[in-house]
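Participant: how would this look folded up:
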Amino acid sequence: MAKREQQDTFVSASNSYLGSLPKAQDWQPQIAAIAQRFNREYRGEKVNLPDEVMAMPVAQEYASGLLQSKLASPFWQLAKPQKNQRWLDLGCGVSFMIYPWRDWDAIFYGQDISTVARDLVNSRGSQLNSKLFKGVKLAAAHELEYEPNFFDGAISTGVSCYYPIAYWADVLSAVKKVLKPGGVFVFDIADAEQPLAENWAILETYLDAEVFLEPMSDWKKAIAAAGGKIVKTLPGEILTLVKVQFS
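Facilitator: Numbers count the residues shown, from 1 in each chain. The predicted model follows:
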């Protein structure tokens, strides 16, 4: 009984937390800014950083290409797509071209706000595997125009950090609707407690993208308020992967 009461208390607190978040915001200005940042990156355009920023180890790793490995989120270690399952990748970038979707034999649906990534993957995806590749839509993570209970799983890596939890609450609600019962949502979080997170956030500011560093406790409340539960985590050097299931 005590455990049940404790769970009810946590859910009640989570609902109160979600209710305190801003509602009906226009996210488009922020989405457009992030799209511009990634369009530039996919085009290979370099940003001239101030000397004081370049003196930071994280900026030097960014310039040398070493930072990317610290930002990698191997979602398949928490939930590997299975044969003939339908998976949705939000903020997919060039995921279909670099991850082993063909080995998994899972059906890929992508969504991204970058026109450069969208055009690149759509021009090559069907050539790689026309059976598995179902295209990349140009849309934000909360704009899911799919049938209910359509996907076996959803993933989103390198996305949530650029938005406040209030926005991600909208994403969680949208993903829950399109997942099958028992489906999972795996995404990564910029955890304020990770030692490299703050310096990386400073670097991203100079790359024209604000990073939102939120405590994991606030993420747990928002996820619970959306009817989800973190069932597994995989901490990284900057980002932490979470596997969420919905009730």
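
Participant: buried ones in the host helix or strand of Arg102?
Facilitator: Applying DSSP states H and E as the criterion places Arg102 in helix 101-104. Within helix 101-104, the residues scored as buried using 16 or more other C-beta atoms under 10 Å are 101, 104. Yep, even glycine has a C-beta here, placed from its N, CA and C like the rest.

Participant: Going along the chain, name the strands of the chain.
Facilitator: Ranges of strands within the chain are 86-90, 107-112, 133-138, 151-156, 179-190, 228-235, 239-246, based on DSSP state E.

Participant: List the residues that contact the nearest residue to Val159 once chain neighbours are set aside.
Facilitator: Among residues not flanking Val159 along the chain, Gly91 sits closest, at 3.6 Å (C-beta to C-beta, 6 or more residues apart in numbering). Contact analysis of Gly91 by C-beta atoms under 8 Å, 6 or more residues apart in numbering lists 111-113, 141, 156-159.

Participant: Please apply the same query to Val116.
Facilitator: If you count contacts by C-beta under 8 Å, 6+ apart, Val116 has them with 38-39, 42-43.

Participant: on that earlier part again, by contact count, what packs against the helix holding Arg102?
Facilitator: Secondary-structure packing of helix 101-104 (3 or more C-beta pairs under 8 Å, 6 or more residues apart in numbering; DSSP states H and E): helix 115-129.

Participant: Buried ones among the contacts of Val116?
Facilitator: Among these, the ones that count as buried by 16+ other C-beta under 10 Å are 38-39, 42.

Participant: Please flag which of the residues you listed sit within helices.
Facilitator: Mapping the buried ones among the contacts of Val116 onto helices (DSSP state H) picks out 38-39, 42.

Participant: Can you report how many residues neighbour Ser64?
Facilitator: A count of nearby residues for Ser64, using other C-beta atoms under 10 Å, gives 9.

Participant: Correction: the previous question concerned Lys46.
Facilitator: 8.

Participant: For Arg40, see how far away it is.
Facilitator: Distance, Lys46 to Arg40, by C-beta to C-beta, to the nearest Å: 9 Å.

Participant: Return the helix or strand in the chain with minimum mean pLDDT.
Facilitator: None of the helices or strands of the chain scores lower by mean pLDDT, DSSP states H and E than helix 2-19, at a mean of 41.

Participant: Could you list the low-confidence segments of this structure?
Facilitator: 1-25 (pLDDT under 70).

Participant: on that earlier part again, among the contacts of Gly91, which two are most distant?
Facilitator: Spanning the widest gap among the contacts of Gly91 are Ile113 and Thr157, at 14.3 Å by C-beta to C-beta.

Participant: so can I have JSON lines of the contacts of Gly91 showing neighbour count and distance to Lys229?
Facilitator: Converted to JSON lines, the contacts of Gly91 look like this (neighbours: other C-beta atoms under 10 Å; distance: C-beta to C-beta, whole Å):
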{"residue": "Gln111", "neighbour count": "24", "distance to Lys229": "24"}
{"residue": "Asp112", "neighbour count": "27", "distance to Lys229": "27"}
{"residue": "Ile113", "neighbour count": "23", "distance to Lys229": "28"}
{"residue": "Ala141", "neighbour count": "26", "distance to Lys229": "20"}
{"residue": "Ser156", "neighbour count": "22", "distance to Lys229": "17"}
{"residue": "Thr157", "neighbour count": "22", "distance to Lys229": "20"}
{"residue": "Gly158", "neighbour count": "17", "distance to Lys229": "23"}
{"residue": "Val159", "neighbour count": "24", "distance to Lys229": "21"}
